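S.K.: need a 3D model of the sequence below.
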Amino acid sequence: MGYRQEKIKPYGDGEKAAQVEQMFDNIAPTYDKLNHRLSWDIDKRWRRKAIRQLAPFAPKTMLDIATGTGDFAILAAHMLQPDRIVGADISEGMMEIGRQKVKAAGLDQTVVFEKEDCTRLSYPDASFDAVTAAFGIRNFADLDQGLREMGRVLREGGHLSIVELTSPVSFPMKQLFHIYAHTILPVYGRLVSRDQSAYSYLTRTIEAFPQGEQMVEILRGAGFREASFRRLTFGICTMYFATK
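M.R.: Predicted structure coming up:
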């Protein structure tokens, strides 16, 4: 099944995965600053909530999909103290910044970064106790395949925790977010990142991406036996939790 966001590309014609890799390499130096400023630092709170979903299960091996600069992996290492976290991403530019942050945090022995196509992961079946993804699955060229891969590498009974940007569904936040996403977000993002397309692409994928009940059904269709969601901050972000 195809989804609208799969057809949205940062730079027009060409393969989506290659364009997403190029885009994140381009904006890597300013990504963290923009991410925190544009969300007023609320993104840090969202990550904490997503990690707390996993705390009762004490995962020892974790895979952080679309890890970017490693914020989620680093926070999970501090909060959950697993034996090992692999941060997987298509962008070497983003992960290089993540490696610097991991080294500064003294987490070299816990968090490692590996370049991966998240729709064709290189890991064996049932390799991880938990899989996480923060603000990344919107960029998959094939969402269903990406979720199936996340399930494949997850052990039986393991858990998936996702946090993703979404469009609010209720008045007045729905209208306010639309204005913000089409004015401040792309303009400020373009000024700081120097990328003409990246933050317009962000807005378009947020609006196109399936969310809430639809996303729960997609997770079940990908092989997860239990799935639930919770909207955060008036629906600007949605948190998902699923069990294999």
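
S.K.: which residues touch whichever helix in the chain runs longest?
M.R.: Across the chain, the longest stretch assigned as helix under DSSP state H is helix 16-38. Here helix 16-38 makes contact (CB atoms under 8 Å, 6 or more residues apart in numbering) with 6, 9-11, 43-44, 68-69, 71, 89-94, 96-97, 117, 119, 135, 139, 141, 184-185, 188-189, 192-195, 197-199, 201. From N, CA and C alone the C-beta is placed, and that goes for glycine too.

S.K.: strands - which of the residues you listed land there?
M.R.: Applying DSSP state E to these, the entries found in strands are Asp89.

S.K.: from the contacts of helix 16-38, which ones fall inside helices?
M.R.: Those of these lying in helices (DSSP H): 43-44, 71, 92-94, 96-97, 184-185, 188-189, 192-193, 198-199, 201.

S.K.: just give the number of residues close to Tyr11.
M.R.: Neighbour count of Tyr11, defined by other CB atoms under 10 Å: 17.

S.K.: do the same with Gln22
M.R.: Count around Gln22 with other CB under 10 Å applied: 18.

S.K.: for Glu226, same thing?
M.R.: Neighbour tally, Glu226, other CB under 10 Å: 13.

S.K.: what's the answer for Ala76, then?
M.R.: 29.

S.K.: please apply the same query to Tyr3.
M.R.: The number of residues near Tyr3, taken as other CB under 10 Å, comes to 17.

S.K.: gap between it and Asp195?
M.R.: With distances taken as CB to CB, to the nearest Å, Tyr3 is found 24 Å from Asp195.

S.K.: now do the least confident helix or strand in the chain by mean pLDDT: distance to the chain's middle.
M.R.: Here the helix or strand of the chain ranked lowest by mean pLDDT, DSSP states H and E is helix 184-193, holding a mean of 85. Relative to its parent chain, helix 184-193 has a centroid offset of 20 Å by CA atoms, centre = their mean, to the nearest Å.

S.K.: pLDDT of the host helix or strand of Arg148, averaged?
M.R.: Per DSSP states H and E, Arg148 falls inside helix 143-152. The average pLDDT within helix 143-152 is 98.

S.K.: change the start of the numbering to 478 and stick with it
M.R.: Okay, residue one is now 478; in that scheme the one you just asked about reads as helix 620-629.

S.K.: contact partners of that helix?
M.R.: 478, 480, 482-483, 540, 542, 595-598, 602, 608, 610, 614, 617, 637, 687, 695-696, 698-701, 721.

S.K.: tell me the helix or strand right after the longest strand that the chain contains.
M.R.: When the chain is parsed with DSSP E, its longest strand is strand 631-642. Where DSSP H and E defines the elements, the next helix or strand beyond strand 631-642 is helix 650-659.

S.K.: ok now that next one, how far from the chain's centre?
M.R.: So, by CA atoms, centre = their mean, the centroid of helix 650-659 is 21 Å from its chain's centroid.

S.K.: please apply the same query to stretch 624-639.
M.R.: 15 Å.

S.K.: what's the span of it from first residue to last?
M.R.: 11 Å (CA to CA, to the nearest Å).

S.K.: and that stretch, what's buried?
M.R.: For stretch 624-639, the buried set under the neighbour-count rule, 16 or more other CB atoms under 10 Å, comprises 624, 626-632, 635-639.

S.K.: if anything else comes up later, I'll come back, but that's it for now.
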